[in-house]
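Student: 3D, please:
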Amino acid sequence: MAEASETFLTTDEQTRLAAAIARAEAGTAGEIRVVLSTRPLTDHAFHALMWAAIIALVIPWPLAFLMPVGVAALLAFQAGSFLLLGAMLAFTPLGRRCVPAVVERAAARKAALDHFLGFGIHQTRDRTGVLIFIALPEHRVEVVADEAIHAHVGTHAWEDVCTRVLAGARAGRLAEGIEAGIAEAGRLLAKHAPRGEVDADELPDRVVIL
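Tutor: Prediction:
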């Protein structure tokens with residue numbers, strides 16, 4: 001039986017991406033780590049039930065204006081609507097659409113920052129570590145760069161890294177998208193943090209799949 005990680009990236013693809021990271025780091029003093037999150041970062045059931053409650057509260061009122069409906073019948077209709085909608089949204093793929101984009105964006109950014117610190121990317125000698133964080137369920141990519149390199153590159157440049165990864169993922173070529181993002185990150189690092197005469201590989205090159 002294949003390991004869970006191979007569901008998203010095959011062993012060959014993971015090996016290829018590790019080689020891409022090593023290649024990207026060959027011309028820079030910077031370090032690149034890639035983390036792929038396969039588990040949802042947000043509780044979609046909570047948002048699904050919240051929307052079900054709002055809709056259930058609103059739906060009966062047009063009916064009440066059109067025909068005489070007793071309070072008991074109105075409450076029963078609301079309760080039934082909530083149960084039906086709640087089950088439909090919480091236990092089907094529709095539930096993912098209930099999570100506001102701003103919530104998913106904030107969750108992805110927080111997770112990226114947590115992993116940046118958790119994997120010690122902030123502890124490189126020259127403070128030039130970069131994390132490419134891919135949240136698959138949320139379809140989001142975040143780049144977190146340490147202060148020394150971010151001060152030179154800026155936020156806008158990292159957006160192109162995200163765009164390359166997302167383009168590959170949306171086309172069904174996740175590994176190719178990640179590889180393109182790694183290459184672009186390596187180009188930016190080589191430009192702003194070129195490799196010195198003595199440079200050690202401070203972080204593992206393998207992709208982390210969570």
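
Student: Please name the nearest non-neighbouring residue to E147.
Tutor: Spatially, and ignoring its direct neighbours in sequence, E147 is nearest to R127 (5.6 Å; CB to CB, 6 or more residues apart in numbering). C-beta here means a position set from N, CA and C on the backbone, and glycine is covered the same way.

Student: the domain parsing of this protein - what is it?
Tutor: Per the record, the chain has its domains at 4-41+101-209, 44-98, by automatic domain parsing.

Student: So A169 sits against E176, correct?
Tutor: No - the pair A169 / E176 is not scored as a contact, 9.3 Å apart, by CB atoms under 8 Å.

Student: Kindly check the end-to-end length of stretch 20-36 for me.
Tutor: In stretch 20-36, first residue to last residue: 16 Å (CA to CA, to the nearest Å).

Student: Average pLDDT for stretch 175-184, rounded please.
Tutor: Across stretch 175-184, the average pLDDT comes to 93.

Student: Identify the residues contacting it?
Tutor: If you take CB atoms under 8 Å, 6 or more residues apart in numbering as the criterion, stretch 175-184 is touched by 9-10, 13, 16-17, 20-21, 23-24, 32, 34, 36, 132, 134, 141, 160-162, 164-169, 171, 207.

Student: Those in strands, which ones?
Tutor: Mapping the contacts of stretch 175-184 onto strands (DSSP state E) picks out 32, 34, 36, 132, 134, 141.

Student: how close does the nearest residue to the last one once chain neighbours are set aside sit to T10?
Tutor: This means V141. Of all residues not flanking V141 in the chain, C162 sits nearest, at 4.1 Å (CB to CB, 6+ apart). C162 sits 23 Å away from T10, taking CB to CB, to the nearest Å as the criterion.
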